[in-house]
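Chemist: got a structure for you, letters missing:
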């Protein structure tokens, strides 16, 4: 009930400000249109012959959309904190977990809708997906856990920083290194050894690989990678709820 | 409902409260009066558990400050209307009805037309009315009101005080009001 009411609040805000949602498609589209067609000219080694670079890139850009959306999830919390609205919500009998759940459901569903639109844009540009319907639930678990983990981390930063400027720094600090040390743009075999070693532990790699397995290679994702994302989501959610619990209503 | 013993508070080096003893019974209406800066709001926030006093203590009987039961039993309607300008009045009430886990009807201070407008388009008085309507959704045993009539016209203030008296006498709610314009109270505490 509480989570539903909070989720509706976020969705209404998105509905009333469609400009923000529309602009969020611009960057993924640029990545695919410019980077995708540029890199198409270079051999990427390990890819099967029927997989174009654009097809390879599409799951990476979908995951990138999730990452960009989730790292900005805390911005709304900062705004609520500065208005005193968050403190007012915290002074009610609502459980902190319910408040966090409401935010997560709203943000994660919004980001997945964005990623779906990005996938259709990719298909319109010429990407060809090879679905493995049976593998889709596991891939979806990976994307949901990834979004939950980074939304929760963003909430932790928001509740500690309580100002919009550090949130901007956090978004850039997380997004760029994670993107370039992951398999979102290139396969591991094209990376130097040290970068390939880092990419294995990158949560974005785990998310992209799960999505790529199910959508491009028609295979089931690696359950260990998905398991790591489940644990990461659980730990970071618990941390966010703890930060909400220690916040004084005044 | 609460017993405050030798409560004092400082903001850094500045002392705002010292040695306050105050106890309240169920259904009592207590007014806090004093000049600007005398510590009325600070005392109210301490009594409602929003801040901890720097000296002395407050005992709320079976409730522990910050617990779920405490948040159900104690509500503070702060001086500043803490609202989301992007929501309509009706959406704000729906959200807080869920947060307070209640189906109660709020104090009726805005008409349907006003409730369908976004809060960002409200005048100061309308915001104040919605703020009080949100506060009226809570079903506490201790209600703190900080300058609740500020920005209200005569009619609105009369409606508010009538509602406060009803909550005290009919529902047994203890109400503490910090204001320059107090209604008829059971007891008035003058802060130096």
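Modeler: Good, I have the coordinates. Owing to the predicted nature of the structure, the values given are computational and were not obtained by experimental measurement.

Chemist: Show me which residues of chain B sit near chain A.
Modeler: B:45, B:50-51, B:68, B:71-72, B:75-76, B:78, B:80, B:82-84, B:86-87, B:91, B:94-96, B:98-101, B:134, B:138 (Cβ under 8 Å from any Cβ of the partner chain). No exception for glycine: its C-beta is placed from N, CA and C like everyone else's.

Chemist: partner residues bridging the residue nearest to the spatial centre of chain B?
Modeler: Centroid check for chain B by Cα atoms, centre = their mean gives residue B:145 as the closest residue, at 2.5 Å. On the basis of DSSP bridges, residue B:145 is bridged to residue B:77, residue B:177.

Chemist: list the contacts for it?
Modeler: Counting by Cβ atoms under 8 Å, 6 or more residues apart in numbering or on different chains, residue B:145 makes contact with B:77, B:135, B:164, B:175-179.

Chemist: Name the residues of the helix or strand that contains residue B:113 that are buried.
Modeler: Per DSSP states H and E: residue B:113 is located in helix B:112-115. Buried residues in helix B:112-115, counted by 16 or more other Cβ atoms under 10 Å in any protein chain shown: B:114-115.

Chemist: ok so, going back, quick one: buried ones out of the contacts of residue B:145?
Modeler: Buried among the contacts of residue B:145 (16+ other Cβ under 10 Å): B:77, B:135, B:164, B:175-179.

Chemist: Looking at those, spot the one nearest residue A:1.
Modeler: Closest approach between the buried ones among the contacts of residue B:145 and residue A:1, by Cβ to Cβ: residue B:135, at 20.2 Å.

Chemist: Over to that closest one. Which of the three states is it?
Modeler: At residue B:135 the chain is in helix, as set by DSSP: H, G, I helix; E, B strand; the rest coil.

Chemist: that older thread, format the buried ones among the contacts of residue B:145 as JSON lines; extra columns: distance to residue B:189.
Modeler: Putting the buried ones among the contacts of residue B:145 into JSON lines (distance: Cβ to Cβ, whole Å) gives the following:
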{"residue": "B:77", "distance to residue B:189": "18"}
{"residue": "B:135", "distance to residue B:189": "21"}
{"residue": "B:164", "distance to residue B:189": "16"}
{"residue": "B:175", "distance to residue B:189": "13"}
{"residue": "B:176", "distance to residue B:189": "9"}
{"residue": "B:177", "distance to residue B:189": "10"}
{"residue": "B:178", "distance to residue B:189": "9"}
{"residue": "B:179", "distance to residue B:189": "12"}
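
Chemist: Which member of these is positioned nearest residue A:217?
Modeler: Using Cβ to Cβ, the buried ones among the contacts of residue B:145 come closest to residue A:217 at residue B:135, 57.1 Å.

Chemist: Now that closest one: closest residue in space, sequence neighbours ignored.
Modeler: residue B:77 (3.5 Å; Cβ to Cβ, 6 or more residues apart in numbering or on different chains).

Chemist: Now for that neighbour: which residues touch it?
Modeler: Counted by Cβ under 8 Å, 6+ apart, residue B:77 has contacts B:131-132, B:134-135, B:143-146, B:148.

Chemist: Select only the buried ones of the residues you listed in ChimeraX?
Modeler: With 16+ other Cβ under 10 Å as the criterion, this ChimeraX line picks the buried residues out of those:
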select /B:131,132,134,135,143,144,145,146,148
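
Chemist: Dump the contacts of residue B:77 to a markdown table, plus pLDDT.
Modeler: Formatted as a markdown table, those follow (pLDDT from 0 to 100):
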| residue | pLDDT |
| --- | --- |
| B:131 | 92 |
| B:132 | 90 |
| B:134 | 93 |
| B:135 | 90 |
| B:143 | 93 |
| B:144 | 94 |
| B:145 | 94 |
| B:146 | 93 |
| B:148 | 91 |
